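> quick one, fold the following:
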Amino acid sequence: MGRLIRLFLVDGEGNGLRTVEISNMTIHTTLFPRQKIKAFSKREESQKPGVYILLGLEDGKKKIYIGEGDPVLPRLKSHVLKKDFWNEAIVFTSKDGYITKTQIQYIESELIDIANKTQDIEMENGNSPAKPNISEVDEAEVNQFIDSIKLILSSLGIDIFNNVKDQIDVAANNDENIYTINRKNVVANMKIIDYKYVVLKGSKSVEDCVISASKGTINRRESLIENGILKRDTDGNYIFTRDYIFNSPSTASDVILGSSTNGRIEWKYKTKTLKQIEEESF
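The predicted model follows:
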């Protein structure tokens, strides 16, 4: 079923202060760069209870902080003074104002739990705060709010809650539509889930990159090894210790084969390449 999402550029700038709403839903989202905190402070939603996410990069890696405030503005102002890493804030409030402090705390805790399970994200938060006790009616309401947050972020291309592990566990039990690389004495398997390329646990990667491998491929492999996602196997090659999401099939095949590749040709389902299957779907 189609959904209508409204994006409004408050100051007419694509990267300035923006608002997002979903038709027939109470959630209201405000995005703004750090430098626009004053402009946000003049808006009605700055004085409401809400949950917020601070986004930034540190050493080339996504870093986020998730918090809540009632109202949100004082907390955000304090982060301008005390937290250097972030360059953008996303604030979630309710259009009708009917959201309680307890509900906000529950949403904050749940979002932190989800983010802690998401790969390639560094959390500025410490431990996840305990979830407060809420009624089953409130729980249904906040779960809908959380689903709306995920939908809005996904529609904006902000992949910070990109955890598809539960879906993979189900899908991996069926070999249908599993793409394979079987070359250079390594075998790797991949599924396409939610438009992401998921290399499955147990897939193999070559021992070393070729001399001509790109710096990006070398750095990516080193990061995967450092984080324990690639581990040396008994045959000298590396093995994926868990399912891992790549943004493109070529990035995945580059890491697996240790060289520059065309993933749409390297990945095959039975006898057909991913490229052939995509062309047949046109």
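> ok, and for the top helix by length along the chain, which residues are buried?
Secondary structure of the chain per DSSP state H: the longest helix is helix 136-155. For helix 136-155, a neighbour-count test (16 or more other C-beta atoms under 10 Å) marks Asp138, Glu141, Val142, Phe145, Ile146, Ser148, Ile149, Leu151, Ile152, Leu153 as buried. In this view, the C-beta of every residue, glycine as well, is placed from N, C-alpha and C.
> stretch 236-253 now?
237-240, 243-246, 249-253.
> so what's Asp77 closest to, chain neighbours aside?
Not Asp; residue 77 is Lys. Using C-beta to C-beta, 6 or more residues apart in numbering and skipping residues adjacent in sequence, the residue nearest Lys77 is Ile37, 6.8 Å away.
> can you pull out the low-pLDDT segments for the chain?
By pLDDT under 70, the low-scoring segments of the chain are 59-60, 119, 162-176.
> report the contact partners of the residue lying closest to Arg264 once chain neighbours are set aside.
What sits nearest to Arg264 in space, not counting adjacent residues and going by C-beta to C-beta, 6+ apart, is Lys275, at 3.9 Å. Lys275 is in contact with Asn262, Arg264, Ile265, counting by C-beta atoms under 8 Å, 6 or more residues apart in numbering.
> mind checking which of those are in helices?
Arg264, Ile265.
> which SSE is Asn87 in?
strand 86-94 (DSSP states H and E).
> now the angle from that strand to helix 136-155?
Using axes from the mean of the first three to the mean of the last three C-alpha atoms, to 10 degrees, the direction of strand 86-94 lies 140 degrees away from that of helix 136-155.
> what packs against strand 86-94?
Contacts defined by 3 or more C-beta pairs under 8 Å, 6 or more residues apart in numbering; DSSP states H and E place strand 86-94 against strand 27-33, helix 37-41, strand 50-58, helix 73-82, helix 136-155.
> now do the buried residues in the shortest one.
For helix 37-41, the buried set under the neighbour-count rule, 16+ other C-beta under 10 Å, comprises Ile37, Phe40.
> the residue in the chain sticking out farthest from the centre: what secondary structure?
What lies farthest from the middle of the chain is Asp235; by C-alpha atoms, centre = their mean that is 33.1 Å. Going by DSSP: H, G, I helix; E, B strand; the rest coil, the secondary structure assigned to Asp235 is coil.
> going forward can the numbers begin at 102, since that is how I track them
Sure thing, new numbering starts at 102, so read that last one as Asp336.
> and of the helices and strands packed on strand 187-195, who's closest to Thr120?
Evaluated over the helices and strands packed on strand 187-195, closeness to Thr120 peaks at strand 128-134, with 5.4 Å, by C-beta to C-beta.
> show me the contact partners of that closest one.
Contacts of strand 128-134 (C-beta under 8 Å, 6+ apart): 116-122, 140-141, 144, 146, 188-196, 246, 249-250, 253, 257.
> narrow these to those that are buried.
118-122, 141, 144, 146, 189-195, 246, 249-250, 253.
> doesn't Ala289 make contact with Ile279?
No: using C-beta atoms under 8 Å as the test, Ile279 is too far from Ala289 to be in contact (10.3 Å).
> now the common contact residues for these two.
Joint contacts of Ile279 and Ala289 (C-beta under 8 Å, 6+ apart) are Leu301.
> ok, the residue lying closest to Ser195 once chain neighbours are set aside - how many residues close by?
Once flanking residues are discounted, Ser195 sits nearest to Thr127: 5.0 Å by C-beta to C-beta, 6+ apart. When neighbours are defined as other C-beta atoms under 10 Å, Thr127 has 17 of them.
> ditto for Lys292
Look at Lys292: counted by other C-beta under 10 Å, it has 21 neighbours.
> show me what it is bridged to.
For Lys292, the beta-bridge partners under DSSP bridges are Val299.
> please apply the same query to Tyr166.
Leu155.
> before we move on, the earlier item: of the buried residues of stretch 337-354, which belong to strands?
Assigned to strands by DSSP state E, the following of the buried residues of stretch 337-354 qualify: Tyr339, Ile340, Phe341, Tyr345, Ile346, Phe347.
> contact partners for the last one?
What it means is Phe347. Lys297, Tyr298, Val299, Val300, Ala353, Val356.
> and the last one, what helix or strand is that in?
I take that to be Val356. Judged by DSSP H and E, Val356 forms part of helix 350-358.
> just the CA trace of that helix, in PDB.
What follows is helix 350-358, C-alpha atoms only, in PDB (Å, rounded to 0.1, in the frame of the first residue of the first chain):
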ATOM      1  CA  PRO A 350      27.300  -6.100  -5.300                       C
ATOM      2  CA  SER A 351      30.700  -4.900  -6.500                       C
ATOM      3  CA  THR A 352      31.800  -3.700  -3.100                       C
ATOM      4  CA  ALA A 353      30.900  -7.200  -1.800                       C
ATOM      5  CA  SER A 354      32.800  -9.000  -4.600                       C
ATOM      6  CA  ASP A 355      35.800  -6.700  -4.300                       C
ATOM      7  CA  VAL A 356      36.200  -7.600  -0.600                       C
ATOM      8  CA  ILE A 357      35.700 -11.300  -1.300                       C
ATOM      9  CA  LEU A 358      38.100 -11.500  -4.300                       C
END
